[in-house]
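Visitor: Here is my input; please provide its structure:
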Amino acid sequence: MKNKIIPAIPIATFSIPLPSMTMSSKAHRGYTIIKSFGITALAILILAGVAGAAPFAYVTSEGNYTNNGTVSVIDTATDTVTAIIPMAGCSWGIVATSDDTKVYVADSGLLSSNVSVIDTSTNTVNATVNVGVCPWGIAVNPAGTRVYVTIHNSTNVSVIDTATNSVTDTLSVGIDPCGIAVSPDGKKIYVTNGRNNTTSVIDTATKNITAVVRVGKGPWDVAVSPDGTKVYVANENDSTVSVIDTATNNVIATVNVGNYPYSISVNPAGTKAYVVNQDDNTVSVIDTATNNVIATVPVGVKPIGVAVTSDGKKAYVTNYVSNNVSVIDTTTNTVTATVNVENGPCGIVGHFIDPVTKSNSTMGSNSTPFLNPVTQTENQTDNAGMKEKSSPFMSPILVLAVVLGTFKYVRKTK
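Guide: A predicted model of the protein is given here:
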């Protein structure tokens, strides 16, 4: 049965979309925003209120490119949908400011250049920011003053000032920037360059690239460990995860995972990394101490995004084709619930806000595009010159055909 659209109920200093209910700890449990999009995605946990209480999960569905995107709200205590919020356009990347007052959503639809700003006190869009055609990955700094947006099929990252909701800077990176993550101290930005097979490291103070790290083929999603010492990059086209030491900006390990790893998230303890394998319909669990896969968990059809709850007990996986979310018990590494959501739930990236200190860390996955470019022979990058060189190839033409309710993808390159 289809869920009804339920208006938000004002509660204290902000509002949470919920069905009619009396005020209780449930109303204060905070948010878990799981961004789903067919290209790159963010999962965000906004944890505020009662200690130990479960948050709500916000799952963005892009509506199968119909410009009828929605956000499904999941109560993580019961793993049921409690509300559906309509959104204009194809809602994909999502991130929240550290004070929980604003949510930024990238509309990655064809020819769209907008990031929508949601006021969490009313759950309504109160601003739209033009950032460049096809905004992709999105991340916020710990202070909540800057939002960084990768612009697909370009070499740009747009910087939004959250006080004015306007673009104040454009940063140059590699070709086809996709995933993006901010270090816990806010001093570095990590951007995956899909057609350079690299990850750019940007100093947020100088706005300059300080390192270009060669990773695997077709890097898309990126996650930073909670202590900021490691960066994990999911490489779609060679089915690996590159582990970067942030002190040296060198790859210190390469982990083989499932077929077509799409997004990645690190648990709050920093002990496990969860990697969504799109073509295997599985999630690989990596022990970060040994950089070995210790479990492979079957999930739904065409999984795109993954996010881990603040207590580390559950991982939520969006399944694009089966239109649901798999809930993994991280102790047993088994699926304990499946939650039906709206059409086209996709990728995820994690951003966590501590309920007491309000400090945050941005966790990876702002994922790989569901229709990722076919890896081309990219030009090499120069770690000394810190420049990404141009590719002689044109951007791939992505042809999407919907056949009997499933998606078939034809990727062409010149």
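
Visitor: Going by C-alpha atoms from here, please, whenever you check contacts or count neighbours.
Guide: Noted.

Visitor: Low-confidence regions, the stretch 101-250 of the chain specifically.
Guide: Low-confidence regions of the stretch 101-250 of the chain, defined by pLDDT under 70, span residues 109-110.

Visitor: switch to 90 and redo it
Guide: 101-128, 132-138, 152-153 (pLDDT under 90).

Visitor: Count the residues that sit near residue 235.
Guide: Residues near residue 235, counting by other CA atoms under 10 Å, number 31.

Visitor: Ignore what I typed, I meant residue 250.
Guide: Neighbourhood size, residue 250 [other CA under 10 Å]: 16.

Visitor: same check, this time on residue 213
Guide: By other CA under 10 Å, 21 other residues sit near residue 213.

Visitor: isn't it right up against residue 248?
Guide: No. Here residue 213 does not reach residue 248: they are 10.0 Å apart, not a contact under CA atoms under 8 Å.

Visitor: what sits in contact with each of the two?
Guide: With CA atoms under 8 Å, 6 or more residues apart in numbering applied, the contact sets of residue 213 and residue 248 do not overlap.

Visitor: How about the contacts made by the nearest residue to residue 173 once chain neighbours are set aside?
Guide: Once flanking residues are discounted, residue 173 sits nearest to residue 155: 5.2 Å by CA to CA, 6 or more residues apart in numbering. By CA under 8 Å, 6+ apart, residue 155 lies in contact with 172, 173, 174, 175, 176, 177.

Visitor: and the residues you listed, which are buried?
Guide: Neighbour counting by 16 or more other CA atoms under 10 Å classes 172, 173, 174, 175, 176, 177 among the contacts of residue 155 as buried.

Visitor: Spatially nearest residue to residue 116 (excluding sequence neighbours)?
Guide: Per CA to CA, 6+ apart, closest to residue 116 is residue 128, 4.5 Å.

Visitor: Where does that neighbour sit: helix, strand or coil?
Guide: Following DSSP: H, G, I helix; E, B strand; the rest coil, we place residue 128 in the strand state.

Visitor: And residue 237, by the same measure?
Guide: helix.

Visitor: repeat for the one 10 residues further on
Guide: Here residue 247 is recorded as coil under three-state DSSP.

Visitor: So it is in contact with residue 229, correct?
Guide: Yes. Counting by CA under 8 Å, residue 247 sits close enough to residue 229 to count as a contact (6.9 Å).

Visitor: Looking at those two, which one has more neighbours?
Guide: residue 229 (15 against 9).

Visitor: Next, count neighbours for the residue nearest to the more buried one when sequence neighbours are not counted.
Guide: Nearest in space to residue 229, with sequence neighbours left out and distances taken as CA to CA, 6+ apart, is residue 246 at 5.3 Å. Residues near residue 246, counting by other CA under 10 Å, number 17.

Visitor: what are the ranges of the helices in the protein?
Guide: Assigned by DSSP state H, the chain shows no helices.

Visitor: partners of residue 201 in the sheet?
Guide: residue 190, residue 211 (DSSP bridges).

Visitor: With residue 317 instead?
Guide: Taking DSSP bridges, one obtains residue 306, residue 326 as the residues bridged to residue 317.

Visitor: Double-check residue 343 against residue 325; I have them as touching.
Guide: No. Using CA under 8 Å, residue 343 makes no contact with residue 325, being 11.4 Å away.

Visitor: Those two: which is more packed in?
Guide: More neighbours surround residue 325 than the other of residue 343 and residue 325, with 28 against 22 (other CA under 10 Å).

Visitor: Check the gap between that one and residue 88 for me.
Guide: For residue 325, the distance to residue 88 (CA to CA, to the nearest Å) stands at 22 Å.

Visitor: can you pull the alpha-carbon coordinates of stretch 296-305 into CSV?
Guide: Provided in CSV are the C-alpha atoms of stretch 296-305 (Å, rounded to 0.1, in the frame of the first residue of the first chain):
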residue,chain,number,x,y,z
THR,A,296,29.9,-10.5,2.2
VAL,A,297,26.2,-9.7,2.8
PRO,A,298,23.6,-10.3,0.1
VAL,A,299,21.1,-7.3,-0.2
GLY,A,300,18.6,-6.1,-2.8
VAL,A,301,18.8,-5.6,-6.5
LYS,A,302,21.3,-3.0,-7.7
PRO,A,303,22.5,-1.6,-4.3
ILE,A,304,23.7,2.0,-4.6
GLY,A,305,24.3,3.6,-1.2
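
Visitor: Number of residues surrounding residue 136?
Guide: 36.

Visitor: do the same with residue 239
Guide: As a measure of burial, residue 239 has 20 neighbours, counting by other CA under 10 Å.

Visitor: can you pull the contacts of it?
Guide: Applying CA under 8 Å, 6+ apart, the residues contacting residue 239 are 256, 257, 258, 259, 260, 261.

Visitor: which two of these lie the greatest distance from each other?
Guide: Maximum pairwise distance in the contacts of residue 239, criterion CA to CA, is 10.8 Å, between 256 and 260.
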